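Enquirer: how would this look folded up:
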Amino acid sequence: MDGRFVGRGDAPYTARGERQAMLSVDEIVGFQPDEIWSSPLHRAHHVAENASAKLGVPHVVDERLNELDFGQAEGLTYQQTQDRGIEFQFGAQDAPVAPGGESRADILVRSGAAVDAASSAAMRVAIVTHGGVFRSAVVHLLGLPIDAIWSFDIRNAQCALFRIVDGHTMLERFWQAD
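Expert: Numbering: from 1, shown residues only. The predicted model follows:
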């Protein structure tokens, strides 16, 4: 991509993105999950669907794993948002990040519910989603304050391994698939 705000839009893969997607499939296959959950957006669904087919495990599609809604900023570059006078509220908890979009609290609540559902459904579950949901899931799982959502530099094909024991979550590993 060229630095655009891509939330609910379904941008196609670049050549690098396609390579990252296939590397992500390999990572999931190596993890050997009992189930794979994903966002319905193609860029996550495609990875989950391929891994599910290779492993022969269920693929659960959950709307709550959709990326952050960027509202009026969707599909625009940062410069284009500035040219249009779109003001961001990255620091606000309950205000939309961009006008017409979703707040940090919104994405934290919905993604946390999806992660809880997935982790209750299977012993080993892989979740294929997007940067905003990934950040929110880390905050939710580790019990961090909501302000920590922007504290993680999440890139395409980023992976994390969490272990949940007696309700306590540990981040065991964090790596890049490419």
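Enquirer: quick one: the residue nearest the centre of the chain from residue 82, how far?
Expert: The chain has residue 130 as the residue nearest its centroid, 2.5 Å off, counting by CA atoms, centre = their mean. With distances taken as CB to CB, to the nearest Å, residue 130 is found 23 Å from residue 82. Any C-beta I mention is one placed from the backbone N, CA and C, and that applies to glycine too.
Enquirer: cool, and residue 106?
Expert: For residue 106, the distance to residue 82 (CB to CB) stands at 24 Å.
Enquirer: ok, now residue 96?
Expert: 17 Å.
Enquirer: The two: which is more packed in?
Expert: More crowded of residue 96 and residue 82, by other CB atoms under 10 Å: residue 96, with 20 against 12.
Enquirer: where does the chain have low pLDDT?
Expert: Scanning the chain for pLDDT under 70 picks out 1-2.
Enquirer: which residues of it fall in strands?
Expert: Taking DSSP state E as the criterion, the chain contains strands spanning 35-38, 59-61, 125-128, 158-165, 168-176.
Enquirer: And the helices in this structure?
Expert: Here the chain has its helices, by DSSP state H, at 15-31, 42-55, 78-83, 104-121, 131-142.
Enquirer: Would you format these as CSV with distance to residue 62 included?
Expert: Output for these, formatted as CSV (distance: least, CB to CB, whole Å):
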stretch, distance to residue 62
helix 15-31, 16
helix 42-55, 10
helix 78-83, 29
helix 104-121, 5
helix 131-142, 10
